[in-house]
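Trainee: Structure for this input, please:
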Amino acid sequence: MGFVHRKTDTISRGWTLSKLSFSVIKADPELLLYTFLSAIIVFVTIGAAAYPGYVAEQSEESHWAMTDPAVLENGDPQMVMNEETGELEPAGREPTGEYMAWIFLTYMAGAIIVVFWNSAIIVSAHERLTGGDPTIMTGIKVAFSRIHIIVLWGIIAGTVGLLLRIARDAANKNSKGGMKFVAMAVIWLVEIAWWIYTFFIIPMIVLEKKGVREGLRDGRSLFGKTWGENVTSGLGIGFISLVGIVFSLVVAGLIYFTISPIGGIIIAVALIGIIVLWANTAEVVVVAALYEFAKTGKMPNLDGNGAKFEEALPWEPKSGWANESAETKAWREGTG
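Mentor: Presented below is the predicted three-dimensional model:
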């Protein structure tokens, strides 16, 4: 019964954190602007990465992004076998080293941008959850003050993400049958381990002013205290988003069939876009809430009636849980 009770409490806390994340956004709608700006800038970097290749593919002339088409000594194009159709076709152009380097740089830029704006969201959300009243510049100022660590972490996270993506694509393309299943399972386990290891890295960087190495170490230990709430809060955000999307489709469908088809489509796109924006922001906000919960053992709320941030740090990096209260000790040891 005790086990069932603890699991029920975990689910209840996760659901509370899900709702809390949306409440934080309602109190501080500028967080949506952070997510929106992040998405816009990332889309720009994607376009910047793809554009040279697109131009090269559309042109028959030499271009720095692609090699020239292979030709035979007589000037005819070199032919290769298409594995899918079994037919011969002219050899395609390959990306140049310079273009691959450009793609890598833009990918890293996108990763850094995501880390920066997620950092701003977490700072502002944590300010709200600990009794503060953040402004539109609160998170941005703190993120800029830690820009050197944010850039470093963005490059590390972007590189690992890129390597995992390359490994996944290679497994899909080159493996078959049981070997493909094993390869994909190994990659999936690595991705899960990376997610666990890095979940609290941004709060460690911008809230505790730690470096990447120290942040990874301390963040990993925090994750073990909140993994159940982490999973259930994520499911809660997904459920709330799904309900919102279904409602949006119903409203848009009524408009489509009774008033205007174009109007219905516009309403559907607008409402779903807003819901996705809220959900993506909530997924970052809940990291701040989980961080506060893991640190203090108390469920955070908009009133910030828990301890302020400086008072909510029960441990010191070198001395462990040196300054913890009896209540926090009971929480950490699972006896409270």
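
Trainee: host element of D133?
Mentor: In the assignment (DSSP states H and E), D133 maps to no helix and no strand.

Trainee: Count residues in the vicinity of the residue nearest to it when sequence neighbours are not counted, would you?
Mentor: The shortest distance from D133 to any non-neighbouring residue, by C-beta to C-beta, 6 or more residues apart in numbering, is to E127 (7.5 Å). Every C-beta, even on glycine, is put in place using the N, C-alpha and C of the backbone. Using other C-beta atoms under 10 Å, E127 has 22 neighbouring residues.

Trainee: my read: E127 touches T138, true?
Mentor: Yes: counting by C-beta atoms under 8 Å, T138 is a contact partner of E127 at 5.7 Å.

Trainee: ok so, going back, show me the contacts for the residue nearest to D133.
Mentor: 133-134, 138-139 (C-beta atoms under 8 Å, 6 or more residues apart in numbering).

Trainee: So, low pLDDT: which residues of the stretch 101-250 of the chain?
Mentor: 175 (pLDDT under 70).

Trainee: Quick check: the residue lying closest to W194 once chain neighbours are set aside vs S18, distance?
Mentor: What sits nearest to W194 in space, not counting adjacent residues and going by C-beta to C-beta, 6+ apart, is V160, at 6.3 Å. Remark: distance between V160 and S18 (C-beta to C-beta, to the nearest Å) = 28 Å.

Trainee: ditto for Y51
Mentor: On the measure of C-beta to C-beta, Y51 and S18 end up 39 Å apart.

Trainee: more crowded one of these two?
Mentor: Shown here are Y51 and S18; by other C-beta under 10 Å, S18 has more neighbours (25 against 13).

Trainee: sorry, back to before: which of the helices or strands spans the residue nearest to D133?
Mentor: Element membership for E127, per DSSP H and E: helix 97-129.

Trainee: Please point out which parts of the next helix-or-strand element following that helix sit buried.
Mentor: Sequence-wise, the next helix or strand downstream of helix 97-129 (DSSP H and E) is helix 138-145. The neighbour-count check on helix 138-145 (16 or more other C-beta atoms under 10 Å) flags 138-140, 142-143 as buried.

Trainee: now the residues you listed in JSON lines, with distance to F116?
Mentor: As requested, the buried residues of helix 138-145 are exported to JSON lines (distance: C-beta to C-beta, whole Å):
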{"residue": "T138", "distance to F116": "14"}
{"residue": "G139", "distance to F116": "10"}
{"residue": "I140", "distance to F116": "9"}
{"residue": "V142", "distance to F116": "11"}
{"residue": "A143", "distance to F116": "5"}
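
Trainee: Could you work out the most separated pair of the residues you listed?
Mentor: Farthest-apart pair in these is T138 and A143; separation 9.7 Å (C-beta to C-beta).

Trainee: Give me the common contacts of the two.
Mentor: V123.

Trainee: Show me what the helix or strand where W188 lies packs onto, helices and strands only.
Mentor: According to DSSP H and E, W188 maps onto helix 177-198. When contacts are defined as 3 or more C-beta pairs under 8 Å, 6 or more residues apart in numbering; DSSP states H and E, helix 177-198 packs onto helix 147-174, helix 212-258.
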